[in-house]
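K.L.:
Just a sequence and a predicted model for now, questions to come.
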Amino acid sequence: MKNDQILRLLGEVDDRYIEESMMIERKPYQRLKWGGGLLIAVAAGFMLFTSNVWNERIPLSTDSTANSVHIVDQSKVTSDISEENMMDMTEDELFSKWNPVVVRGTVTNIRHIEIDFNGETEYQSLITIHVSNVYRGDVQVGRDLIVRADAIGETGQAEHTSVISHVQQGMEGIFMPIPYDDEFVWEQNDATLRLKDIADYGFPDGERYLFLDTPNGLLFERDAYPSLQGLDSLDEVEDWMMTRFSE
Amino acid sequence: MRLGSIGIEGLYEGGNWMDDQVIIDWYWERSEYAIVATKKKYGSYCHRVSYNILQNREDTEECLNDLYMKAWESIPPTRPLRLGAYLTKIVRNLALQRYKKNHTKKRGGGEVPLVYEELEHVLTESMKDEDIVDLLNTFLADLPRLTRVMFMQRYFYLHSIQEIATTHELGESHVKMTLKRTRDALQRALEAEGVRV
């Protein structure tokens, strides 16, 4: 029977796809033995608390040599927005370089990851965007995009001046993530991370690739978009995008 | 022996699970620690994969024993790059074979009959196994990550729709719809390939 054949052959696909879809349960370590005395227990407890034993690990492809990527709590995240990504670009270049898709959607989830580059730790955030409208790109309405972004720290933890730091679950916006392919590789401390291993899309920087409908009004990097500087609402940005990309 | 220095109770090193390559080295050294470590790190997960298919604890335990035997016999000469995937492939095949043996006349309960039904019309052309596997790999590579993960969780691991929805914090109808669209896309890809071949 053909359904027999396809079910059997799904068991022979590339190991990468099998590994990445494992449902890893986050179980606390249950068999701590107390024979070593209180001091050892406290020390072990501290080590467990500060380690990643509790955290879900994201499987990486063989193209990545970074030690590990773990999901971590937001309280652990330190924001370190890289200025070197902020290369000067005109409005047209922002739309053309890396061919970002342009979609409207709602942030449905934000997770935070800790990447270990041979002992050097970097934090990033993975934002899930539920797409409600598409202005450019091969994306279907109703799809969820997982987008890598600069780390979003806890509110009040640090000065939040970047646009990305205002992203919150439930927030609507117009987003311009770039689709990752195998060429997008983060190199640091002699280790590599193929970005496609952690997300399908990414924001090249935390400033210029998103327009947010915040409680305080429309927020985006106005200096980067001279044509949009006077706009005050997401709907106005949407009208502008529709006009631009229908041409 | 590196195991002695950390204790078998916790196969953690530096806060992470012990590196698979260390366990594989033990297989190559013919050390029984390899089986102990495999059970410790992957035993419960392989149990879950097997139980998803068989829905029977006794059969699942036997399947796991067969798995450890197969792993011991096949490593070496094999040196898997991804031990978890290697083991789950074996245990899935063992469990499906056992399932078929147990259900020659009737399909039984659990997820298998449901998955059979869902996959019923996906493959309509007669194709060689290796062509289908190649096509499946290409098809999976082109899928968005979340869709691919959900597809594999359903049709490789045979997890229930409810489990998948809970894992990804999505509605069951969302998961069903994503799987349906993905199956339809796979069917189109297979048909196109079948015509070409």
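P.N.:
Right, received. Where do you want to start?

K.L.:
The residue nearest to A:Ser233 when sequence neighbours are not counted: which element?
P.N.:
Setting aside the residues directly before and after it, A:Ser233 is nearest to A:Leu218 in space (Cβ to Cβ, 6 or more residues apart in numbering or on different chains), at 5.7 Å. Yep, even glycine has a C-beta here, placed from its N, CA and C like the rest. In this structure, A:Leu218 sits in strand A:217-219 according to DSSP states H and E.

K.L.:
low-scoring stretches of the chain, by residue?
P.N.:
This is for chain A. By pLDDT under 70, the weakly predicted segments of chain A are A:1-2, A:24-55, A:78-86, A:155-160, A:247.

K.L.:
Let me rephrase: I mean chain B.
P.N.:
Low-confidence segments of chain B, defined by pLDDT under 70, span residues B:1-18, B:104-109, B:124, B:195-197.

K.L.:
would you list every one of the strands in it?
P.N.:
Using DSSP state E, the strands found in chain B span residues B:12-13, B:16-17.

K.L.:
What is the burial count for the closest residue to A:Gly137 other than its chain neighbours?
P.N.:
Leaving aside its sequence neighbours, A:Gly137 sits nearest to A:Val101 (Cβ to Cβ, 6+ apart; 2.8 Å). For A:Val101, the neighbour count with other Cβ atoms under 10 Å in any protein chain shown is 18.

K.L.:
what do you get for B:Gln187?
P.N.:
B:Gln187: 17 surrounding residues under other Cβ under 10 Å.

K.L.:
before we move on, what about A:Ala199?
P.N.:
Applying other Cβ under 10 Å, I find that A:Ala199 has 26 neighbouring residues.

K.L.:
List the contacts of the residue lying closest to it once chain neighbours are set aside.
P.N.:
Ranked by Cβ to Cβ, 6+ apart and with sequence neighbours excluded, the top spatial neighbour of A:Ala199 is A:Arg148, at 4.1 Å. By Cβ atoms under 8 Å, 6 or more residues apart in numbering or on different chains, the contact list for A:Arg148 reads A:124-126, A:180, A:195, A:198-199, A:201-203.

K.L.:
In TSV: these, plus secondary structure and distance to A:Asn3.
P.N.:
Listed next are these as TSV, based on DSSP: H, G, I helix; E, B strand; the rest coil; distance: Cβ to Cβ, whole Å:
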residue	secondary structure	distance to A:Asn3
A:Gln124	strand	41
A:Ser125	strand	41
A:Leu126	strand	35
A:Tyr180	coil	34
A:Leu195	helix	36
A:Ile198	coil	33
A:Ala199	coil	33
A:Tyr201	strand	34
A:Gly202	strand	38
A:Phe203	coil	41
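
K.L.:
Just give me the closest of those residues to chain B.
P.N.:
For the contacts of A:Arg148, the minimum distance to chain B (Cβ to the nearest Cβ) is 7.1 Å, reached by A:Ala199.

K.L.:
Name all residues that make contact with the closest one.
P.N.:
A:126, A:146-148, A:180, B:145.

K.L.:
ditto for B:Asp66
P.N.:
Listed by Cβ under 8 Å, 6+ apart, the contact partners of B:Asp66 are B:Leu94.

K.L.:
number of nearby residues for the closest residue to B:Cys46 other than its chain neighbours?
P.N.:
Using Cβ to Cβ, 6+ apart and skipping the chain neighbours, the partner closest in space to B:Cys46 is B:Val91 (4.5 Å). Here the number of neighbours of B:Val91 (other Cβ under 10 Å) works out to 27.

K.L.:
Tell me who's in contact with B:Val91.
P.N.:
B:46, B:49-50, B:63-64, B:67.

K.L.:
could you redo the last one with a cut-off of 7 Å?
P.N.:
By Cβ atoms under 7 Å, 6 or more residues apart in numbering or on different chains, B:Val91 lies in contact with B:46, B:49-50, B:63, B:67.

K.L.:
nearest to chain A, of these?
P.N.:
Closest approach to chain A among those (Cβ to the nearest Cβ): B:Val49, at 9.2 Å.

K.L.:
so how far is A:Glu122 from the residue nearest to A:Gly137?
P.N.:
A:Val101 sits at a distance of 25 Å from A:Glu122 (criterion: Cβ to Cβ, to the nearest Å).

K.L.:
Could I get the buried residue list for the lengthiest helix in chain B?
P.N.:
In chain B, with assignment by DSSP state H, the single longest helix is helix B:172-196. Across helix B:172-196, burial judged by 16 or more other Cβ atoms under 10 Å in any protein chain shown covers B:174-175, B:178-179, B:182-183, B:185-187, B:189-190, B:193-194.
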